[in-house]
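**Q** The sequence and its predicted three-dimensional model are supplied below.
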Amino acid sequence: MGKVLALDIGGTKIAAAVVTESGMLVGRQQIATPHGGAAQLAIALETLIAPYRHLVDFIAVASTGIINGGRLTALNPANLGGLADFPLQDCIQSITDLPCVLLNDGQAAAWAEYQALSRDGNNEISVNNIISVKNMMFVTVSTGVGGGIVLDKKLLVGHHGLAGHIGHTLADPHGLLCGCGRRGCVESVASGTAIGAETLGWKQPVAAAKVFELAQLGNIHAENIINRSATAIAQMLADMKMALDLEIVILGGSVGLAAGYLERVIGAQNILPEIYRVPVQAAHHQQDSGLLGAALWARSSL
Ligand code: ADP
Ligand code: BMX
Ligand code: ZN
């Protein structure tokens, strides 16, 4: 089916790469996600897509937001600088008339990570390269908290594209208002944005990466902020295991992949009764799960 240009639009960064038929990423580029409205996002997409449009056969997009009917609707518009709605398909088709397939970023990453389970060499998960796992979930802890669910070996997209939006399940009924309008969502406690926001009362507020650095240096406030995030994720995983009989969870996103975060999630799981625990491991494809998943999904749907 030829070459695909895959894009991964997150709240913080937009990545693009050509994905070959054998699943190799070539010419990976990354820019900061503009937070200045629809026109700026359109320019950013044009900048990334234009150099590749004559080199590929189709476009595959993994994007933050609810992806439905060719539009991106933000559940939490704050993650995109207040942008609530964007005609993603039309915008891309105004740059190129190549076939284009869109998927939510968490859903796309889940699809790539599900396929990767057969290659991880874990005998309980795969025998002779055939995946024995039926129910898995991918969680990204990043600008927001997103996810994707594979149930009975099938990716759940949902009739409205909403399936897997586990960042908007409840962490704390008395917590802060989430950008989606509900109080105390997992995203408003655990995301990289939430981790940074916890430092707003500090003399020098810092972003999530710095909170991790400070925790590593023994700063107890930083440690508490990260533990609160990891605990909210562990509790959400427990709820999702009870709902879906999950066999494994894969963790991604810059916070999810940050040093020590996975261990903290596992630590918070270990306080729970055994039935609520589910094996969690870091994304096989690290930061590229969304790009690869979008490409895989597009190949199978075109
Ligand atoms: P996106 O949301 O665009 O997919 P990321 O997965 O990079 O992007 O997540 C962005 C969030 O992760 C931001 O809140 C940022 O502050 C935080 N972040 C970026 N780098 C790190 C790091 N090294 N350690 C912890 N948090 C990080
Ligand atoms: C938010 C939501 C999800 C997305 C998740 C992770 C918006 C704009 N996005 O919960 O659709 O999957 O963030 O997105 O409402 P990321 O930007 O952190 O990768
Ligand atoms: Zn919410």
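**A** Everything's here; your move. Ligands and ions are numbered 1, 2, ... in the order given.
**Q** which bits of the chain sit near ligand 1?
**A** 10-13, 33, 142-143, 192-193, 196, 207-209, 212, 253-255, 258 (Cβ under 6 Å from any ligand atom). (C-beta placed from N, C-alpha, C; glycine too.)
**Q** rerun at 5 Å
**A** Taking Cβ under 5 Å from any ligand atom, the part of the chain that reaches ligand 1 is made up of 10-13, 142-143, 192, 207-209, 212, 253-255, 258.
**Q** buried subset of those?
**A** Buried by 16 or more other Cβ atoms under 10 Å: 10-12, 142-143, 192, 208, 212, 253-255, 258, out of the residues of the chain next to ligand 1.
**Q** Now that residue 179 has come up, it's in contact with residue 80, right?
**A** No - with contact defined as Cβ atoms under 8 Å, residue 179 does not reach residue 80; the gap is 9.7 Å.
**Q** Residue 135 is in contact with residue 245, correct?
**A** Yes - Residue 245 is within contact range of residue 135, at 5.6 Å (criterion: Cβ under 8 Å).
**Q** So those two - more neighbours on which side?
**A** More neighbours surround residue 135 than the other of residue 245 and residue 135, with 17 against 11 (other Cβ atoms under 10 Å).
**Q** mind checking the backbone torsions on that one?
**A** phi -120, psi 110 (degrees, to the nearest 10).
**Q** Please list all residues in contact with it.
**A** 149-152, 244-247 (Cβ atoms under 8 Å, 6 or more residues apart in numbering).
**Q** Check what pLDDT residue 126 gets.
**A** Reading off the confidence values, residue 126 has pLDDT 60.
**Q** repeat for the one 10 residues further on
**A** Residue 136 is assigned a predicted lDDT (pLDDT) of 98.
**Q** what is it paired to in the beta sheet?
**A** residue 150, residue 248 (DSSP bridges).
**Q** quick revisit: so between residue 179 and residue 80, which is more surrounded?
**A** Per other Cβ under 10 Å, whichever of residue 179 and residue 80 has more neighbours is residue 80, with 27 against 21.
**Q** That one contacts residue 64, correct?
**A** Yes - Residue 80 lies in contact with residue 64 (Cβ under 8 Å); the separation is 7.0 Å.
**Q** Give me the common contacts of these two.
**A** Common neighbours of residue 80 and residue 64 (Cβ under 8 Å, 6+ apart) are 11, 74.
**Q** List the buried residues of stretch 37-46.
**A** 38, 41-42, 44-45.
**Q** correction: stretch 230-248
**A** 230-238, 240-241, 244, 246-248.
**Q** Just the ones in strands from those, please.
**A** Among the buried residues of stretch 230-248, DSSP state E puts residue 248 in strands.
**Q** Tell me which stretches of the stretch 1-150 of the chain form strands.
**A** In the stretch 1-150 of the chain, the strands defined using DSSP state E, counting those that start in this stretch lie at 4-9, 13-19, 25-32, 58-63, 66-68, 71-73, 85-86, 100-104, 126-127, 130-131, 136-141, 145-151.
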